[in-house]
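J.: quick one: sequence and predicted model below, then my questions.
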Amino acid sequence: MYGWAVAGLVVAALPFYLDRFWLQAGLFAMAAAIGAIGINLLTGATGQLSMGHAFFLAVGAYGYCVFAGDGGDKLTGFGLPGWLAAVLAVALAGLAGGAFSPISGRLQGAYLGIATLALIFIGQHVLFNAHDLTGGYNGRAVPPLSLFGITFDDSELLVAQVPFGSAEKLWYLGLVLLLGAALFARGVLRGRPGRAMNAIRDHRVAAGVMGIPVARYRAAVFVLSSMYAGLAGVLLALVFQRTVPEYFGMLLSLDYLAMIVIGGLGSVAGAVVGAAFVSLLPQVLTRYSDSLPLVSAPGTGGIAPGEAARYFYGAAVVAAVLFLPGGLVRLAARKPKRTDRPAHTSGEER
């Protein structure tokens, strides 16, 4: 308990010591962790393979832009308050998941994966061609969020004579969102819904025999996972400050599957650890590409940082599957074996 409290204080104090690069890298990791928790509920806890997670992130990101935009950029916008636009964007992602839930409730395994893969192609077509909504290939600017009188943009906010920019303000917003998402998912997994989800994952027929409505649970978890992805998309949009259709492609969905495999399937902590590993690795390699062997800056020849990162966590996925099925979080949870041997009692002491 004390360890978690100390870790929380350290994370809360980081904006006072880190530069903008590391703050943005941390924010990307927070957004990725929220999305990874969502797909871990679906794939890790319920056993439903989804390849369309990036689609729901795009729904959240672009939904926020449409609801919060004022039309000044000649794109569709309703001019709603930022907090309301964020809530509606998450709800819109949930509605999109609900529209797909009759399919997700009846398909399983590779069949569901192929069906959700179609969402990526549909989403990419819409994002590139619905110019009035998405801005087309160049994307659209993201309106800043205003909450409790605080605007999360580049304007400085003085707190105890300490200036807070957009990255510092978004850092604390991201922490609150990640903490809330993690606690809610943990409560779901530890309660009756979590036990039902695990039963469906382990043996679908036996779960149905026990009276668990399998199709209904699958559909509900798919909607919940979509809402998590929508929330991650909103946070990503606020950090990027511009949405680009190319980002929300198939590779992003594969990244999220890698996150939960590397971190640990069915674990909230595993989703967070895996998200941090997969999202931070490319940025660290980019930052230190000049001093790392075999890695070169983008466009200079050799192995680019992003490509090298995919090699690294591709190898990590294989290693996790072969040698550490529980992921990195299970490795951290292992207790060292005791080597001291109990003293033997002599016959006189008995």
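T.: Right, received. Where do you want to start?
J.: any idea how far the closest residue to G266 other than its chain neighbours is from L177?
T.: Nearest non-adjacent residue to G266, counting by CB to CB, 6 or more residues apart in numbering: G44, 3.8 Å away. The way it works is simple: take the backbone N, C-alpha and C, and place the C-beta from them, glycine included. Separation of G44 from L177 (CB to CB, to the nearest Å): 20 Å.
J.: among these two, which residue is more densely surrounded?
T.: Neighbours were counted for G44 and for L177 using other CB atoms under 10 Å; G44 has more, 26 against 20.
J.: low-scoring pLDDT stretches of this protein, where are they?
T.: By pLDDT under 70, the weakly predicted segments of the chain are 1-4, 156-163, 294, 297-302, 332-350.
J.: just the helices in the chain please.
T.: Residue ranges of the helices in the chain, as given by DSSP state H, are 2-13, 20-39, 53-68, 82-104, 109-129, 131-134, 166-190, 192-202, 204-209, 214-240, 250-263, 268-287, 305-323, 328-333.
J.: with respect to S146, which of the ones you listed lies nearest?
T.: The closest of the helices of the chain to S146 is helix 82-104. By CB to CB, the value is 4.8 Å.
J.: rewinding a little: including distance to S146, could the helices of the chain go into a markdown table?
T.: Formatted as a markdown table, the helices of the chain follow (distance: least, CB to CB, whole Å):
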| stretch | distance to S146 |
| --- | --- |
| helix 2-13 | 22 |
| helix 20-39 | 18 |
| helix 53-68 | 9 |
| helix 82-104 | 5 |
| helix 109-129 | 26 |
| helix 131-134 | 22 |
| helix 166-190 | 11 |
| helix 192-202 | 35 |
| helix 204-209 | 45 |
| helix 214-240 | 11 |
| helix 250-263 | 28 |
| helix 268-287 | 27 |
| helix 305-323 | 34 |
| helix 328-333 | 36 |
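J.: please identify the deepest-packed of those.
T.: Most buried of the helices of the chain by mean neighbour count (mean count of other CB atoms under 10 Å) is helix 53-68; its value is a mean of 28.
J.: still on that earlier bit, so for R140, which of the helices of the chain sits nearest?
T.: R140 lies closest, by CB to CB, to one member of the helices of the chain: helix 53-68, at 5.4 Å.
J.: out of the helices of the chain, flag the one nearest L147.
T.: Closest approach to L147 among the helices of the chain is made by helix 82-104 (5.1 Å; CB to CB).
J.: ok and the closest one relative to helix 20-39, angle-wise?
T.: Interaxial angle, helix 82-104 versus helix 20-39 (axes from the mean of the first three to the mean of the last three CA atoms, to 10 degrees): 40 degrees.
J.: so how far is helix 82-104 from its chain's centroid?
T.: 16 Å (CA atoms, centre = their mean, to the nearest Å).
J.: then stretch 129-145?
T.: Stretch 129-145 has its C-alpha centroid displaced from the chain centroid by 22 Å (CA atoms, centre = their mean).
J.: show me what counts as buried in that stretch.
T.: L133, T134, G135, G139, R140, A141, V142, P143, P144, L145 (16 or more other CB atoms under 10 Å).
J.: which of the residues you listed sits closest to F67?
T.: Of the buried residues of stretch 129-145, the one sitting nearest to F67 (CB to CB) turns out to be P143, at 9.0 Å.
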